[in-house]
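Participant: Take this sequence and fold it.
(chains A, B, C and D)
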2 protein chains.
Amino acid sequence: MPAPVTAPPRAPGRPRSARAEQAIQEAAIDLFVEQGFDAMSMEGVAARAGVGKTTIYRRWDSKEDLVMDAVGVCQLNTVVDPDTGSLREDLVRVLTAFQQTVRNTPLGHVFPRMVAEVAQGSDLGRLYASRMIEPRRRMLLSIVQRGVGRGELPLGADMELSLELIMGPVILRRLFGNAPARGNIARCGRHVDVVLAGLRDLGGR
Amino acid sequence: MPAPVTAPPRAPGRPRSARAEQAIQEAAIDLFVEQGFDAMSMEGVAARAGVGKTTIYRRWDSKEDLVMDAVGVCQLNTVVDPDTGSLREDLVRVLTAFQQTVRNTPLGHVFPRMVAEVAQGSDLGRLYASRMIEPRRRMLLSIVQRGVGRGELPLGADMELSLELIMGPVILRRLFGNAPARGNIARCGRHVDVVLAGLRDLGGR
DNA sequence: CCTATGCGATACGCAGCCGTTGCGTAACTA
DNA sequence: TAGTTACGCAACGGCTGCGTATCGCATAGG
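Facilitator: Numbering: from 1, shown residues only, chains lettered A, B, ... in the order given. Next up, the predicted model:
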């Protein structure tokens, strides 16, 4: 009889602490968000995680490795296409969700940092663009295309411009807005209405 | 008889080289754009400017002083309100000018870096926001308000949202766009048309 | 008990940068 | 010519951070 499939092929010696691993990743994200890649330090990560530096370097080869991996783990946060059957409803939901995420979660706190990384074209920026921005962009695109298919937007509508009109204002508000999200969610509805009205009037040329 | 007003009250000794001063500021901007504030070094500035470090520290007290001043000097670049009498024409001109500036001038190269600084709330970011963003924001606001005054937009139009719809897409394109400004200028016209149509339809609520 | 591995803590070598100082030279005035 | 100031260069002290090494203890299986 074969050993059970779930049998853990135990290595000898003391096993690595899963708890330490998680604490390190959380500390890394925290410090990256607060200080950025350059300003944060491995000593700081170790201190905040309550861990020796050795324990970090046993798992990751370098600071870059650690941060890339920790940022990657954040992306469990999946994209959900609401697909309500209404273009307006889909867009409002996506925008309010984005607004919420980008304001009140660690994922959102990293956002301005990452914008700079992306614009600069660093490795970290490319990773973030491919795993965070691109999937959301594709989702938004398919939402709008479904709307075109249902006749909610004219056939010739400029997709590029449409996406920019949808996301631009929200991102702008996150980057430069000093107001603390006061009434922003209510504004999403008006925002979507204005964009859709404009695209319906002139989208087909 | 008074001395001529233009008389240079010459100090004794060798005068400071205006050329070195300019070279230093240009090098500082270049390196700030390429590497950011933390990553750039005074040694690097001196090397690129073909100057000794001493010559820099004789004029500025610190790295921060130098960069703040150099960025400040960039702002000779004044904001010009086209004021053509047409809201659409004003907006298109402002957008194309912004597009041009932000793509092809040193002022624009700093932009992504500065976005991060602003979002982070650093001193440099506050300086940039107050001298670069705010004046342009005010100009744009007065353009739109003139349009409302002429009846080109309804009275109840949401100013905040209007400005975001105008600038958001262009800024988004600068930050995340990979396309090299191909046909972007032509797109400004459509962009403005769509926004104005939407605001006319639904701007008053 | 014995061996193997992980753990936190501490110290270290190495490198980079900031801002300063000293030196010999260049520019300019009186 | 004498005096004053700026210049480029090189070296330095102080600091900080990365990544490594070592130590004594903890946790596991045999």
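
Participant: DNA strand C versus residue A:114, what's the distance?
Facilitator: 24 Å (C-beta to the nearest atom of the strand, to the nearest Å). To be clear about C-beta, it is placed using only N, CA and C from the backbone, and glycine gets the same treatment.

Participant: That residue reaches residue A:128, doesn't it?
Facilitator: Yes. The pair residue A:114 and residue A:128 passes the contact test of C-beta atoms under 8 Å, sitting 4.6 Å apart.

Participant: how about stretch A:37-54, does it get close to chain B?
Facilitator: Yes. Stretch A:37-54 is in contact with chain B by C-beta under 8 Å from any C-beta of the partner chain, via A:38, A:39.

Participant: go on, stretch A:127-145?
Facilitator: Yes. Stretch A:127-145 comes into contact with chain B (C-beta under 8 Å from any C-beta), by way of A:129, A:133.

Participant: average pLDDT for that stretch?
Facilitator: Averaged over stretch A:127-145, pLDDT sits at 93.

Participant: Run the chain-centre distance for it.
Facilitator: 10 Å (C-alpha atoms, centre = their mean, to the nearest Å).

Participant: Just the buried residues of it, please?
Facilitator: A:127, A:128, A:129, A:132, A:133, A:139, A:140, A:143, A:144 (16 or more other C-beta atoms under 10 Å in any protein chain shown).

Participant: show me the residues around the last one that make contact.
Facilitator: Under the criterion of C-beta atoms under 8 Å, 6 or more residues apart in numbering or on different chains, the contact partners of residue A:144 comprise A:87, A:153, A:157, A:159, A:162, A:163, A:166.

Participant: next one: the first one
Facilitator: Residue A:127 makes contacts with A:68, A:71, A:72, as judged by C-beta under 8 Å, 6+ apart.

Participant: Against DNA strand D, how distant is it?
Facilitator: For residue A:127, the distance to DNA strand D - C-beta to the nearest atom of the strand - is 17 Å.

Participant: distance of that residue from DNA strand C?
Facilitator: From residue A:127 to DNA strand C the distance is 24 Å (C-beta to the nearest atom of the strand).

Participant: and what of the last one?
Facilitator: Residue A:144 sits 46 Å away from DNA strand C, taking C-beta to the nearest atom of the strand as the criterion.

Participant: How about the fifth one?
Facilitator: Between residue A:133 and DNA strand C the distance is 30 Å, computed by C-beta to the nearest atom of the strand.

Participant: so that residue makes contact with residue A:119?
Facilitator: No. If you go by C-beta under 8 Å, residue A:133 and residue A:119 don't touch, sitting 11.6 Å apart.

Participant: hey, what's in contact with both of these two?
Facilitator: With C-beta under 8 Å, 6+ apart, residue A:133 and residue A:119 have common neighbours residue B:176.

Participant: Show me what the mean pLDDT comes to for stretch A:20-38.
Facilitator: The model assigns stretch A:20-38 a mean pLDDT of 92.

Participant: typed the wrong thing, it's stretch A:42-62
Facilitator: Rounded mean pLDDT across stretch A:42-62 is 95.

Participant: Kindly present the contacts of residue A:127 as a markdown table, with separate columns for distance to residue B:46, pLDDT and neighbour count.
Facilitator: Formatted as a markdown table, the contacts of residue A:127 follow (distance: C-beta to C-beta, whole Å; pLDDT from 0 to 100; neighbours: other C-beta atoms under 10 Å in any protein chain shown):
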| residue | distance to residue B:46 | pLDDT | neighbour count |
| --- | --- | --- | --- |
| A:68 | 33 | 91 | 18 |
| A:71 | 35 | 84 | 23 |
| A:72 | 39 | 79 | 13 |
